[in-house]
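>>> return atomic coordinates for the entry below.
(one chain, ligands or ions: 2)
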Amino acid sequence: MPATVAVGTQFGDEGKGKIIDFLADRADVVVRFQGGANAGHTVQVGDELYAFHLLPSGVLRKRTMNVIGNGVVIEPAQLLKEIEETRSRGHPVKNLRISDRAHVVMPYHKTLDGLEETLKGNLSAGTTLRGIGPAFEDKVGRFGIRMCDLIDPDVLRAKLDKIVPIKQRMIEAYGGAERLDAQALFTEHAAYGERLAPYVDDTSVWLDAALKGGKRVLFEGAQGTHLCIDHGVYPFGTSSNCVAGAATIGAGVGPQYLTDVLGVAKGFTSRVGAGPFPTELEGPVAEHLRERGGGEYGTTTRRPRRVGWIDLVMLRMAVRVNGLTGLAVTKLDVLGGLERVRACVRYRSDGESIKEFPASMRILSECGPVYREFKGWPDLSEAEWIEIAKKGRRALPEATRKYLGFIESTLRIPVRIVSVGRSRAATMGR
Ligand code: IMP
Ligand code: MG
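Ligands and ions are numbered 1, 2, ... in the order given. All right, here's what the predicted structure looks like:
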């Protein structure tokens, strides 16, 4: 703080939701700046579990304002559903603002997402089918509908009249059978617009004033560095920029405010979707990582996640492209009970040593991991991990401390937060 960006350093699902919720305690504002309902941020409060897709993770804290920035693509029905569900669980959701420049995900984007995925064959990323790619395609192609249009019925109708026939031709060209109905789309979406209008605002103006007034702002990244459209495993990532720099564009604030960049890394690696994954594991260790804690299923799609050892080649790149000033390491409890734990320090391909994460998916798919091996630590109960968290990092098992120390010295970056369980109490650092 004053302005901190928290981003994923791997393939998403690093535990960002939990870390953001932890940091939100000291934040006045939490801002989402990219992605859409493809994200799944899990936050646990007491025994209650919340999974947010579009709502920023600070929404459960009454005195924290939550902003959905212009860089996010918003599926109105999904957002309204999340607001209603959160409300029905006792949180009023009065602390939300939505950028008038954010783009809207329309039903035809979801249709096209599915059709594109099928046509792409082995180039398919295994998307969440939330229409994210086609919505960003429309933004860049200038076929998009923005929140300021959604809440203005005349503009919405005029835009749909022009855009829907074009989308219909695309659906047909892609071999789809769906018939779009511009009138029905208008009626449905004008109603969403009316319900969302009270939240819509010029959030750049609002954020600028907040930052100038000394408010502490936390920018909440979605997905992760290696899913970034520019820096990720192209074409197997997502369609937005997931790195820290995107916070300024996706929220409409100047880069001078971003003083602190926290990278969130899981103690191992996981991903949902397709593409090369050098440290991927199969067999009993993979089962252990997937089943322990029961969390390694996609929050958005419920697909079993692919899992593997931590990859410091990936993380070294994340430190660089995000300009990380610190790291939060999560899910160390999940590694508990393994006899040995490994960390990939570089790759080997055709007898050659590779230290930097390659751009080419052909080269990446030929890379094998070179590991450093560590002694494992015990499988402790949640209560035992919380006891440790109360005492701080020095109370961690010696093997866990060694593992963290190795990550710090290899990446030359401090581990500032350590998470050893889902709950807020199972967190140490600041
Ligand atoms: P899309 O973002 O739905 O287009 O999906 C593109 C790729 O990114 C797919 O491989 C997804 O599984 C992956 N992906 C998208 N969002 C997330 C996320 O929040 N966590 C993990 N993986 C994601
Ligand atoms: Mg997730």
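>>> gap between the helix or strand where residue 346 lies and the chain center?
Using DSSP states H and E, residue 346 falls within strand 340-349. Mean-position distance between strand 340-349 and its chain equals 25 Å (Cα atoms, centre = their mean, to the nearest Å).
>>> same check on stretch 109-125?
21 Å.
>>> remind me what the strand holding residue 346 packs against, helices and strands.
Applying 3 or more Cβ pairs under 8 Å, 6 or more residues apart in numbering; DSSP states H and E, one finds that strand 340-349 contacts strand 310-311, helix 312-322, strand 352-354, strand 368-375, helix 398-411. In short, each C-beta sits where N, CA and C put it, glycine included.
>>> list the contacts of the helix or strand bottoming out on mean pLDDT in the chain.
Across the helices and strands of the chain, mean confidence by mean pLDDT, DSSP states H and E is lowest for strand 41-45: a mean of 85. With Cβ atoms under 8 Å, 6 or more residues apart in numbering as the test, strand 41-45 has contacts from 15-18, 20-21, 49-53, 57, 60, 220, 222, 295, 299, 422-424.
>>> per-residue pLDDT, the closest residue to ligand 1 within the chain?
With Cβ to the nearest ligand atom as the measure, residue 273 is the residue of the chain nearest to ligand 1, at 2.0 Å. Residue 273 carries a pLDDT value of 87.
>>> shouldn't it be within a helix?
No - in this structure, residue 273 is coil, not part of a helix, as judged by DSSP: H, G, I helix; E, B strand; the rest coil.
>>> before we move on, the earlier item: got the angle for the strand holding residue 346 vs helix 398-411?
Interaxial angle, strand 340-349 versus helix 398-411 (axes from the mean of the first three to the mean of the last three Cα atoms, to 10 degrees): 30 degrees.
>>> just the CA atoms of strand 340-349, as CSV, please.
Provided in CSV are the C-alpha atoms of strand 340-349 (Å, rounded to 0.1, in the frame of the first residue of the first chain):
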residue,chain,number,x,y,z
ARG,A,340,10.2,-35.5,-0.7
VAL,A,341,9.4,-32.2,-2.4
ARG,A,342,10.9,-30.9,-5.6
ALA,A,343,11.5,-27.6,-7.3
CYS,A,344,12.4,-27.2,-10.9
VAL,A,345,15.4,-24.9,-11.3
ARG,A,346,15.9,-25.0,-15.1
TYR,A,347,14.9,-27.1,-18.1
ARG,A,348,16.8,-29.5,-20.3
SER,A,349,16.1,-30.0,-23.9
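>>> who does that strand pair with, and is each partner parallel or antiparallel?
As defined by DSSP bridges, the strand partners of strand 340-349 come to strand 310-311 (parallel), strand 352-354 (antiparallel), strand 368-375 (antiparallel).
>>> list the buried residues for that strand?
Of the residues in strand 340-349, 341, 342, 343, 344, 345, 346, 347 count as buried by neighbour count, 16 or more other Cβ atoms under 10 Å.
>>> residues in contact with it?
278-279, 309-313, 335, 353-355, 363, 366-377, 399, 403, 406-407, 410.
>>> switch to 7 Å and redo it
278-279, 309-313, 335, 353-355, 363, 366-376, 403, 406, 410 (Cβ atoms under 7 Å, 6 or more residues apart in numbering).
>>> same list, the buried residues of strand 340-349, but as JSON lines with pLDDT and distance to residue 165 please.
Formatted as JSON lines, these follow (pLDDT from 0 to 100; distance: Cβ to Cβ, whole Å):
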{"residue": "341", "pLDDT": "98", "distance to residue 165": "57"}
{"residue": "342", "pLDDT": "98", "distance to residue 165": "55"}
{"residue": "343", "pLDDT": "98", "distance to residue 165": "54"}
{"residue": "344", "pLDDT": "98", "distance to residue 165": "50"}
{"residue": "345", "pLDDT": "98", "distance to residue 165": "55"}
{"residue": "346", "pLDDT": "98", "distance to residue 165": "53"}
{"residue": "347", "pLDDT": "98", "distance to residue 165": "49"}
